[in-house]
Structures are given as C-alpha cells and as structure tokens.
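dropping the sequence and predicted coords here.
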Amino acid sequence: MYTTYEISNTEINKFKHIPVMAEAVIEYVVTPEAGLYLDCTVGLGGHASMILESSPHSRLIGIDIDPQAIKLATENLKPYKDRVILFNGNFADLDYIMDQLAIDENFDGIVMDLGVSSIQLDSPERGFSFRANGPLDMRMDQSKGDPVYYDLERLSIKELETIIREFGEERFARRIATNIINTNKVSPIKTTTQLAEIIERSKPRYSENIHSATRTFQALRIYKNQELSNLSIGLEKAISLLRPGGRISVISFHSLEDRIVKHAFQKHERGCECPPEFPKCVCGKRSSLKIITRHPLIPKGEEVSANPRSRSAKLRVAEKI
Ligand code: SAH
C-alpha cells in the first residue's frame, strides 16, 4: 500500500530540510541487512531516505500526524516507493496504526525525531513561528480541532499561566498570561505577531540568549498538540514493537521531552517497578531494554552551524533485550 498525492515540484523545492544527527541515527540503529524500520515522525522523509539508502533491502513504515508532511514524504521517498508505506496518524496510536496496516512483524529499528519540521516552522500560515506573521494556529494536524487562538479565548489566567510555566519553563508566566487574557478581552489575539508583541511587553528587557517569545510559543505548541502525553504513550507502544536486538532512537529538543525519554528507557532497563522498601519483587517485571547511550548524544558544532534546528537536539538510543 502506498499513498499518492498531487504536489508540484516548486512546492517541494521551496523547503530545505536537513535531518538532525542523521549519521548517528544510522550508525546506532540501522544495519546493512534487510530489516523492517519504523519512522514515527517521517516529516519530509530526511531520516527515512537515509535509512532506506544505507540499508538497501530494508522496508520502512513512515508515520506523521501532519497530512502535509505525508504529502511531501510521499514525493521525497518516491525512489524507494516499493519499500515504503506511509501513514497519516499520531504515534500515540501506534497499535491502532499497525492494525490498520495489518503489520504483525516487530521492528529492527525505530526512530522518533520530535517537535516540528523546518517546513512547519517556516510556513507562516501554520502559526508556529513568531518570526513571521500568520494566524496563531499551531496545530500539527490542521484537519482536526481549532487553532490555538480559540484556546486563548477559553482559558483562565491561572490555566494559561500553568501552561506557560510548565511547558515553556518561563519565569514570567504570570505576567504574560495576565496580559494575554486581558488584551484578548479588548481585542482578540489572532496572529503570531500580536502574541509575540504582548509577550515582549510582559518581560523585562534583559538579554536571554533566546527570543523573548520562544518559551511561550513552545508552551502553547506543546499544549495544543498534547506533545508530552503523546510522547509518553508513543514511546511505550514503540518499545513494545521492537524485536529483541532491535534499537530505538529518539531525538528531543527540550528538557521536558528528554526527561520523558530518559525515564522511559531507565524504567524498561530496571524492569522491576516495586517500591524500594519491598523486600522482594512482587510485580514480576523484567528488564526489557539496554540503554546504549548513557548520556545523550548532541550534534557537533559544524552541524549546528549548518542546521540551526539541530541546536538543542539530544539523541538517546536503547536496545530491546
Ligand atoms: N525526521 C524528519 C523530520 C521530522 S520533524 C525528516 O528528516 O524529514 C518532526 C515531525 O514529527 C513533524 O513532521 C511533525 O508533524 C511530526 N510529529 C509530531 N508529533 C507527532 C505525533 N504525535 N505523531 C506523529 N507525528 C508527529
């Protein structure tokens, strides 16, 4: 099964997407022997094409929550089309997706490259970036739900403050939330630039080495797309789909995601989930993963200069026992 979509070449060539830490992903996860791989965040097919290229007899299932990404991946992975199946869905639904695709084999390698792709970030109409003006949307799948500016009309100051503090780790969450909700009462905020201006006015002028709106935009995106719960659920399901000896690699872009990956890997390596005060194990759980990267790998300096998206990337790899 192979989905095809109509898309023009100019549309594809507009976007340059360089896969993050691709060499390390290949080195740690892919073997030259024929295997079955799963790319949970296929995006534009950057990692997927490198996997298919470096393992010429392998097959790959590519998933993305964004229908637009699936269109682009379909086009970009055309040279490998006999070995690829693409599916538009959420990796938190991996079990359902495998049922839909009638796949009952386990995987030799699984990759997750979290967050947004450069095309999502660089398309003003998607509303992910404060650098270009566009509707304040932020949905990874625009066919479902409402743009995030609807949420700003519904949330209380307290709720918004919690979102900005927890998902953005923003010190000025209370002031930002208060200013957003109060401005909204007078004139509804509907664009990225409007929001960025309010955030800028809410923070003291001191030099953080990131843009003043970065943390709040990150927080709203995580909230809108339920990114952290999707990750926790998706990771568990992905680990259960690995065959013994198969490896999973996850690239995360901020500390909240990295913590979830680290803890999930540690939990599976430990096995037993009994409280430490129990004299002997009653849960019966055994270790199911071996952690390959004790500390996360980070991109080299040259990669960061060539591809700013890789700046905060952390790669963790584990192997199924
Ligand atoms: N590795 C890709 C780029 C991935 S960018 C490449 O080299 O081309 C991250 C992608 O993850 C985005 O396309 C985004 O839509 C997708 N994504 C984010 N959350 C997801 C989820 N819960 N399920 C499936 N895809 C998701």
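Now that the structure is in, tell me what you want to look at.

contacts only, for whatever residue of the stretch 151-300 of the chain ends up closest to the ligand.
Nearest residue of the stretch 151-300 of the chain to the ligand: N230, at 4.0 Å (C-beta to the nearest ligand atom). Every C-beta, even on glycine, is put in place using the N, C-alpha and C of the backbone. Listed by C-beta atoms under 8 Å, 6 or more residues apart in numbering, the contact set of N230 reads 90-92.

ok, I251 to I26 distance?
Going from I251 to I26 by C-beta to C-beta, to the nearest Å gives 13 Å.

these two: which has the busier surroundings?
Under the neighbour definition other C-beta atoms under 10 Å, I251 and I26 were set side by side, and I251 has more, 28 against 20.

now the more buried one: phi and psi?
With angles defined as degrees, to the nearest 10, I251 sits at phi -100, psi 120.

do the same with P135
phi -60, psi 140.

just checking, it touches P147?
Yes - contact criterion C-beta atoms under 8 Å: P135 and P147 qualify, at 6.1 Å.

what touches both of the two?
G127.

tell me which stretches of the stretch 201-321 of the chain form helices.
Along the stretch 201-321 of the chain, counting by DSSP state H, counting those that start in this stretch, helices occupy 214-225, 227-240, 255-270, 301-306.

got the residues of the stretch 151-300 of the chain near the ligand?
Applying C-beta under 6 Å from any ligand atom, we find that the stretch 151-300 of the chain lies next to the ligand at N230.

which residue is the nearest non-sequential neighbour of G145?
Leaving aside its chain neighbours, G145 sits nearest to R139 (6.0 Å; criterion: C-beta to C-beta, 6 or more residues apart in numbering).

who's in contact with R165?
R165 sits next to 173-174, 219 when contact means C-beta under 8 Å, 6+ apart.

what is the mean pLDDT for the helix or strand it falls within?
In this assignment (DSSP states H and E), R165 forms part of helix 157-168. Helix 157-168 carries an average pLDDT of 98.

relative to A213, how far out is the residue lying closest to K190 once chain neighbours are set aside?
Nearest non-adjacent residue to K190, counting by C-beta to C-beta, 6+ apart: Y149, 5.1 Å away. Going from Y149 to A213 by C-beta to C-beta gives 15 Å.

just give me the closest of the contacts of R165 to T191.
Each of those was checked against T191 using C-beta to C-beta; the closest is A219, at 17.7 Å.

re earlier: quick check, the residue nearest to K190 in contact with G134.
No - the pair Y149 and G134 does not pass the contact test of C-beta under 8 Å, sitting 11.1 Å apart.

tell me the confidence at I18?
Listed pLDDT for I18 reads 84.

distance of it relative to the ligand?
I18 sits 8 Å away from the ligand, going by C-beta to the nearest ligand atom, to the nearest Å.

ok, that residue touching G46?
Yes - judged on C-beta under 8 Å, I18 makes contact with G46 at a distance of 6.8 Å.

re earlier: what's around the residue nearest to G145, how many residues?
19.

tell me if I am right that it is in a helix.
No - counting by DSSP: H, G, I helix; E, B strand; the rest coil, R139 is not part of a helix but coil.

next, the contact list for it, please.
If you count contacts by C-beta under 8 Å, 6+ apart, then R139 has 145-148, 224-225 around it.

same deal with A34?
With C-beta under 8 Å, 6+ apart, A34 has these contacts: 55, 57-59.

selecting buried members of those residues in PyMOL, what would you type?
To isolate the buried members of the contacts of A34 in PyMOL, using 16 or more other C-beta atoms under 10 Å:
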select buried, resi 55+58+59
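
ok, back up a step: any chance of CSV for the contacts of R139, columns distance to V317 and pLDDT?
CSV is the format used below for these (distance: C-beta to C-beta, whole Å; pLDDT from 0 to 100):
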residue, distance to V317, pLDDT
G145, 33, 97
D146, 37, 98
P147, 36, 98
V148, 33, 98
K224, 29, 98
N225, 25, 98
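
buried subset of these, written for ChimeraX?
Filtering the contacts of R139 down to the buried ones (16+ other C-beta under 10 Å) takes a single ChimeraX command:
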select :147,148,224,225
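
out of the contacts of R165, which is nearest to E302?
Closest to E302, out of all of the contacts of R165 and judged by C-beta to C-beta, is A219, at 30.9 Å.
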